[in-house]
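can you look at this prediction? I've put the sequence above it.
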Amino acid sequence: MTELQNPQSARIDRMSIAEAVDLLNAEDATIAQAVAAARNEVCKAIELVVAAFEAGGRLIYVGAGTSGRLGVLDASECPPTFLSEPRMVQGVIAGGWDALRRAVEGAEDYPDVAAAEMDEMGIDANDVVMGISTGGTTPYVHGALARAKERGAHTIFFGCVTPEHVEDAADVSIRVLVGPEVVTGSTRLKAGTATKMVLNMITTIAMVRIGKVYGNLMVDVNTKTNTKLVDRGERMIMSVTGLPRPAAGELLKESDGRVKVALVMHAKGVGREEAEKLLADHKGHVARIIEDES
């Protein structure tokens, strides 16, 4: 499906710039509906990832080209957003780190290389390995998934083709059918956008489920990295507690820069160590402490 010609763009080389912009925008507008159609499988994937995180396991993305880069991107954004350990979400790309900056096209043809990388990473039954191949056929991805399954890990496959076109043996198979690209075969377009949307859903909701968010606030943010995040931390404390800025800033300092700890300190009238203990006892869920949820 990703290699078919799109009749809507058959004359794109003769369109005006405005016409081409309208065409790409119209095609992109169909992506969310295609993602919504894969809702059940996305939910199943998130359940696997949450279980892995709760067991101390990891989510490992594997892909080539755009798919690999998007996996690495999503993994790299989790620690600053959710204060997660870098090992929790990792991206593996065919061709290694050089492939992040320039195309290493031939690297995707070697399933044995991907299998060896799963061995080197010590993939086990606590982990989830998600292979991303929008066209469905990437040998590197299928090699990684096969070895991960042999090692006892749960597996997820993501593609933009139907199972009838390309089969997989993953525990969960997410198929987001965005249709032919505006430029034939250029899956950095709709397929790439769909990939980014689904990866965002998986890690964001999984992190929410393990207590990294309170309400819709990223309360596990690392405020020690820059002034913007200190400001965000203070504003979150002000929003939840009603404290003025100076008091919120002081509370953030007393909590060693951790918003979650600061919120529990204020809500329960305790010091930092007791707040940290409460969070540990409630597996990091602020709502279970502040709102006495079970």
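Alright, I've got the coordinates. Remember, it's a predicted structure, so these values are computed and weren't measured experimentally.

then residue 204 would be within a helix, right?
Yes - the assignment for residue 204 is a helix, going by DSSP: H, G, I helix; E, B strand; the rest coil.

give me the number of residues near it?
By other CB atoms under 10 Å, 19 other residues sit near residue 204. Using the backbone N, CA and C atoms, a C-beta is placed for each residue, glycine as well.

for residue 120, same thing?
9.

in CSV, could you pull the C-alpha coordinates for stretch 133-141?
Extracted as CSV, the C-alpha positions of stretch 133-141 are listed here (Å, rounded to 0.1, in the frame of the first residue of the first chain):
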residue,chain,number,x,y,z
SER,A,133,8.3,-0.9,9.5
THR,A,134,5.8,1.3,7.7
GLY,A,135,6.1,-0.7,4.5
GLY,A,136,6.1,-3.9,6.5
THR,A,137,9.0,-5.7,5.0
THR,A,138,12.1,-4.4,6.7
PRO,A,139,14.3,-7.5,7.4
TYR,A,140,16.2,-5.8,10.2
VAL,A,141,12.9,-5.2,12.0
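
can you list the low-confidence ranges for the protein?
Across the chain, the ranges flagged by pLDDT under 70 are 292-294.

so which strand or helix has residue 279?
Assessed by DSSP states H and E, residue 279 sits inside helix 272-281.

try residue 180
Short version, using DSSP H and E: residue 180 is in no helix or strand.

who's in contact with it?
1-6 (CB atoms under 8 Å, 6 or more residues apart in numbering).

cool, residue 211 as well?
Applying CB under 8 Å, 6+ apart to residue 211 gives the contacts 220, 282-286.

likewise residue 175?
Neighbours of residue 175 in contact, by CB under 8 Å, 6+ apart: 38, 41, 159-163.

again, only this time at 7 Å
38, 159, 161-163 (CB atoms under 7 Å, 6 or more residues apart in numbering).

quick check on it: phi, psi?
As for residue 175, its main-chain torsions (degrees, to the nearest 10) stand at phi -120, psi 110.

likewise for the one 10 residues further on?
Note on residue 185: its backbone torsions stand at phi 80, psi 0 [degrees, to the nearest 10].

so residue 87 makes contact with residue 58?
Yes - shown here, residue 87 and residue 58 form a contact pair, counting by CB atoms under 7 Å, at 6.0 Å.

which one's more surrounded, these two?
Neighbours were counted for residue 87 and for residue 58 using other CB under 10 Å; residue 58 has more, 23 against 13.

relative to residue 204, how far out is the more buried one?
According to CB to CB, to the nearest Å, residue 58 stands 17 Å off from residue 204.

domains of the protein?
Domain assignment for the chain, taken from automatic domain parsing, gives 7-209, 227-290.

chain center to stretch 148-164, what's the gap?
16 Å (CA atoms, centre = their mean, to the nearest Å).

straight-line length of it, end to end?
Stretch 148-164 has an end-to-end distance of 23 Å (criterion: CA to CA, to the nearest Å).

can you pull the buried residues of that stretch?
148-149, 151, 153-161 (16 or more other CB atoms under 10 Å).

between these, which sits nearest residue 179?
Nearest to residue 179 among the buried residues of stretch 148-164 is residue 160, at 8.4 Å by CB to CB.

surely the closest one meets residue 174?
No - taking CB under 7 Å as the definition, residue 160 is not a contact partner of residue 174, at 9.6 Å.

that older thread, just the domains of the chain: most buried one?
domain 7-209 (a mean of 19; mean count of other CB atoms under 10 Å).

the strands in the stretch 101-250 of the chain, which residues?
Using DSSP state E, counting those that start in this stretch, the strands of the stretch 101-250 of the chain run over residues 128-132, 154-159, 172-175.

residue contacts, the nearest residue to residue 220 once chain neighbours are set aside?
In space, and not counting its chain neighbours, residue 220 is closest to residue 83: 4.1 Å by CB to CB, 6 or more residues apart in numbering. Each residue near residue 83 by CB under 7 Å, 6+ apart is listed here: 220-222.

state the distance from the residue lying closest to residue 214 once chain neighbours are set aside to residue 80.
Using CB to CB, 6+ apart and skipping the chain neighbours, the partner closest in space to residue 214 is residue 286 (4.0 Å). Per CB to CB, residue 286 is found 19 Å from residue 80.
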